[in-house]
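[1] sequence first, then the predicted structure, then my questions.
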Amino acid sequence: MKRVVITSAGVISPVGLNTADFWESLKAGRHGFAPITNIDASRLAVKNAAEIKNWDPVAMGLNKKEVRKMDRYTQFAMAAAKELMEHAGDLSGIDRTRAGVLVGTGIGGFHTITEGHEKFLKTGPERVNVFLIPMMICNMASGQIAIEYGFQGDNFCIVTACATGSHSIGEAFRKIKHGYLDLCIAGGTEGTITEFAVAGFTNMRALTTAEDCDRLSIPFDKERSGFVMGEGAGLILLEELEHAKARGANILAEIVGYGATDDAHHITAPAPDALCSARAMQNAIDEAGIDPTEVGYINAHGTATLMNDKLETLAVKKVFGEHAYKLAMSSTKSMTGHMLGAAGGVEAIVSAFALRDGILPPTANYKVADPECDLDYVTEGARKCQVRYALSNSLGFGGHNASLLFKKYEG
């Protein structure tokens, strides 16, 4: 089996449009919550979100002509991929038939779908955008990245709601570990803050209607009341270790385990026994061949919904027993909001940077303890702490569970 490492990353987020700014914001506990401005929110019960403000894809280096053929979610992915490639080092000598792209999205081209449908109703079928279909379909971010950089290996799009990014990274890890690819761009992207989508999430009672932006997304806090919609992209470059070393790549962290399960319980609610989300974590740990007590940090799914945080806490206790009270666990959704299909990619980057720098990002703006959420959620601010192994959890509607286990790179 091959060892797999992370050699580059790219982020577009509500708290930073590159990895450096993103990571500095998280360490400082800065959130990206503000009144919605990119759409008309006057009719909506939810007035706040974690938007990418003043988004200008051309200023981010994307081709003006090509941008017109991309939905917002694809633009985010292309910008993140551009940063990733700029930091990846010399890739001129790679075998591009063994270079893959596995970039997913939870929902896809929602802006294109809603705008296209409105135009269809108002002006008729002849006025529908000729690029409607390639802009709206979920696989286009993955396809566009491959076209841009000539990666001719495995290329597909996983869609598992909010577990998408983690599943994409996990499957890319397995492709490299088992020898099918040398390297792969993997992660997730999302651009779904539209009036229609916000209304849908609001009516299913998933979103918080709180008004204080400093108490908007408060995972594990007793006063939590729902998640905050976010948007953006998080991509990493996974690479076979010897391939990375041969070209002198900068190694951020190693990925050593992946677990994927399904609750098979309900379309939106997590299973009340938390057994399958626990098994995803355990499977990742088992693949790495380590003892659970070696895990020092968990980047939680931590959505700030009543059931998720309670049951994720329960799942951690089932896996780690008494060690659950000794490890650190935080939710960076307290700053980024819930980036849906992009969340797992972004949070994989957080986990890798935490291992690299020995800094654990906080669960920001936490105030009120919940007796059902009684673990160490890093609520005092960023914590300096050398950790060897970190888990990142993602859960998605449909009962999808994904856990990724990262290791500090030690040569």
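    Perfect, I can see it now. These numbers were taken from a predicted model, which means no experiment stands behind them.
[2] alpha carbons only for contacts and neighbour counts from here, please
    OK.
[3] so the spatially most central residue of the chain versus residue 214, what's the distance?
    Residue closest to the average C-alpha location in the chain (Cα atoms, centre = their mean): residue 343, at 2.1 Å. With distances taken as Cα to Cα, to the nearest Å, residue 343 is found 20 Å from residue 214.
[4] need the strands for this protein, in chain order.
    Under the criterion DSSP state E, strands of the chain are mapped to 4-12, 34-35, 48-49, 99-104, 183-190, 232-240, 253-262, 295-299, 328-330, 359-360, 383-384, 389-396, 400-407.
[5] how distant is the second one from the center of its chain?
    Put plainly, it is strand 34-35. In terms of Cα atoms, centre = their mean, to the nearest Å, the centre of strand 34-35 is found 21 Å from the chain centre.
[6] tell me the mean pLDDT over it?
    What strand 34-35 shows for mean pLDDT is 98.
[7] neighbouring strands - and their directions - for that strand?
    In the sheet, strand 34-35 lines up against strand 48-49 (antiparallel) (DSSP bridges).
[8] identify the residues contacting the strand it pairs with?
    33, 34, 35, 36, 211, 213, 228, 229, 230, 337 (Cα atoms under 8 Å, 6 or more residues apart in numbering).
[9] one more pass at 10 Å, please.
    14, 32-37, 41, 193, 198, 207-213, 216-217, 227-231, 336-338 (Cα atoms under 10 Å, 6 or more residues apart in numbering).
[10] among those residues, which are in helices?
    Counting by DSSP state H, these place 198, 336 in helices.
[11] from the contacts of strand 48-49, list just the buried residues.
    14, 32-34, 36, 41, 193, 198, 207-210, 213, 216-217, 227-231, 336-338 (16 or more other Cα atoms under 10 Å).
[12] between the strands of the chain, which gets nearest to residue 57?
    Among these, the nearest to residue 57 by Cα to Cα is strand 4-12 (10.9 Å).
[13] hmm, back to that, hmm, the residue nearest to the centre of the chain is touching residue 168, no?
    No - using Cα atoms under 10 Å, residue 343 makes no contact with residue 168, being 11.4 Å away.
[14] list the buried residues in stretch 182-191.
    Going by 16+ other Cα under 10 Å, stretch 182-191 has these buried residues: 182, 183, 184, 185, 186, 187, 188, 189, 190, 191.
[15] equivalent analysis for stretch 113-121, please.
    113, 114, 116, 117, 119.
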